[in-house]
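Undergrad: Sequence isn't available, so here's the structure alone:
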C-alpha cells in the first residue's frame with residue numbers, strides 16, 4: 001500500500017457533518033479529550049484545528065523546551081554572538097507566532113480572557129525578540145532580508161497593535177468580572193496608553209509610521225467605544241484623566257494641575273496592565 005494512503009476509518013466525516021462551517025463567526029469549543037485533558041478546537045473551512053491549552057498549541061516541545069521562544073532565548077544565552085539566526089529559525093518563530101495567534105482568537109471567542117492575556121504576552125515577547133536578534137549585525141544577511149520582506153498587512157501575527165488591542169479587551173473583561181466597572185474603565189485607559197506608545201515605536205521593521213498610526217488609531221477608537229458603553233451601562237463618572245483633559249480645554253489650569261497631582265499619587269487609579277488572575281476551571 002502507498003505510504004501516503006491512510007487505512008480505512010481514519011476520516012473525520014462524522015465530526016465535520018456535526019459541526020458545519022460558518023465563515024461569518026469564529027467557531028471554537030473547549031472539549032475533554034479521550035485521556036481526560038482539555039483541548040481547544042476551531043472549525044476551519046477545510047476541517048478542524050485542535051490545540052493544546054498550555055504551552056505550544058501543537059503540543060510539541062522544540063529541542064526539549066516548552067516553546068520555540070524558550071529554546072531561542074536559551075540558545076542566545078548559551079552561544080551569544082556565535083548563534084546564527086538562520087532562515088529556518090525565522091520560519092519556526094513565525095510558525096509559533098501563528099499558532100499562538102490562532103489560540104488567542106479562540107480564547108477571546110470563548111470568553112477565556114486569562115488565556116488571551118497569556119498568549120498575547122508570549123507573542124509580544126517573541127516579536128520583541130525578533131526585533132532585536134533577527135536584525136543584529138552579526139546574524140546572516142539572508143535572515144535580515146527575509147525579515148524585512150514581512151509586512152503586518154500580510155502577516156497579522158506581527159501586528160503588535162492587534163495583539164495589544166485583544167489583550168486590552170481581555171484585561172477589561174477580567175477587571176469587570178473581578179473588580180467592577182470602575183476598574184474596567186481604568187483598564188481601558190491603560191490599554192489606550194499601551195496603544196499610544198506604539199505610535200512612537202520606531203523599532204518596528206514591519207510597519208511604517210503611516211500604517212502604524214492607522215492601525216493604532218482605529219483600535220483606540222474601539223476601546224473608547226468600549227469605555228463609553230461601560231459608562232452608560234453602569235453610570236460611571238468621568239475618570240480623573242478625562243476631568244483633567246476637560247479642565248485643560250476650559251483653560252482651568254489650576255484644577256488641571258490638582259487633578260494631575262492626584263493622578264500621580266492615587267495608586268488606586270492605575271490598574272496594572274500585566275499579570276492577571278488566571279482561570280482555574282480548566
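TA: Alright, I've got the coordinates. Computed from a prediction, not measured in an experiment: that's the story for all the values here.
Undergrad: only C-alpha atoms for contact and neighbour calcs from this point on.
TA: Fine.
Undergrad: Show me the shaky parts of the stretch 51-200 of the chain.
TA: Where the stretch 51-200 of the chain drops to pLDDT under 70, the residues are 135-156.
Undergrad: check contacts around residue 172.
TA: Contact partners of residue 172, counting by C-alpha atoms under 8 Å, 6 or more residues apart in numbering, are 183-185, 187-188.
Undergrad: try 10 Å this time
TA: Applying C-alpha atoms under 10 Å, 6 or more residues apart in numbering, we find residue 172 in contact with 113, 166, 178, 180-181, 183-191, 223, 226-227, 273.
Undergrad: ok, of those residues, which come out buried?
TA: 113, 166, 181, 183-191, 223, 226-227, 273 (16 or more other C-alpha atoms under 10 Å).
Undergrad: closest to residue 11 among the residues you listed?
TA: residue 113 (33.2 Å; C-alpha to C-alpha).
Undergrad: Ignoring the adjacent residues along the chain, who's closest to that closest one?
TA: residue 170 (4.8 Å; C-alpha to C-alpha, 6 or more residues apart in numbering).
Undergrad: next helix or strand past whichever strand or helix holds the one you found?
TA: Element membership of residue 170 [criterion: DSSP states H and E] is helix 160-178. Where DSSP H and E defines the elements, the next helix or strand beyond helix 160-178 is helix 181-199.
Undergrad: which element follows that following helix toward the C-terminus?
TA: That would be, after helix 181-199 and using DSSP H and E, helix 209-234.
Undergrad: buried ones in that following helix?
TA: Buried, per 16+ other C-alpha under 10 Å, within helix 209-234: 212-213, 215-217, 219-220, 223, 226-228, 230-231.
Undergrad: Can you name every helix or strand that that helix contacts?
TA: helix 160-178, helix 181-199 (3 or more C-alpha pairs under 10 Å, 6 or more residues apart in numbering; DSSP states H and E).
Undergrad: Packing partners of the last one?
TA: Think helix 181-199. Looks like helix 181-199 contacts helix 160-178, helix 209-234, helix 240-249 (3+ C-alpha pairs under 10 Å, 6+ apart).
Undergrad: TSV for those helices, including distance to residue 18?
TA: Below are these laid out as TSV (distance: least, C-alpha to C-alpha, whole Å):
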stretch	distance to residue 18
helix 160-178	30
helix 209-234	35
helix 240-249	50
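Undergrad: And these: which comes nearest residue 77?
TA: helix 160-178 (25.1 Å).
Undergrad: Report the inter-axis angle for that closest one versus helix 181-199.
TA: 170 degrees (axes from the mean of the first three to the mean of the last three C-alpha atoms, to 10 degrees).
Undergrad: Tabulate the helices and strands packed on helix 209-234 (JSON lines), appending distance to residue 76.
TA: Listed next are these as JSON lines, based on distance: least, C-alpha to C-alpha, whole Å:
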{"stretch": "helix 160-178", "distance to residue 76": "23"}
{"stretch": "helix 181-199", "distance to residue 76": "26"}
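Undergrad: Between these, which one is closest to residue 235.
TA: Here helix 181-199 is closest among the helices and strands packed on helix 209-234 (C-alpha to C-alpha), at 9.3 Å.
Undergrad: Could you give me the buried positions within stretch 15-24?
TA: residue 21.
Undergrad: contacting residues around it?
TA: Outside stretch 15-24, the residues that reach it (C-alpha under 10 Å, 6+ apart) are 27, 42-48.
Undergrad: Make a markdown table from those residues and add distance to residue 244, pLDDT and neighbour count to it.
TA: Compiled in a markdown table, these are given as follows (distance: C-alpha to C-alpha, whole Å; pLDDT from 0 to 100; neighbours: other C-alpha atoms under 10 Å):
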| residue | distance to residue 244 | pLDDT | neighbour count |
| --- | --- | --- | --- |
| 27 | 43 | 97 | 19 |
| 42 | 45 | 97 | 20 |
| 43 | 47 | 97 | 20 |
| 44 | 48 | 94 | 16 |
| 45 | 50 | 93 | 10 |
| 46 | 53 | 92 | 8 |
| 47 | 52 | 94 | 15 |
| 48 | 50 | 95 | 17 |
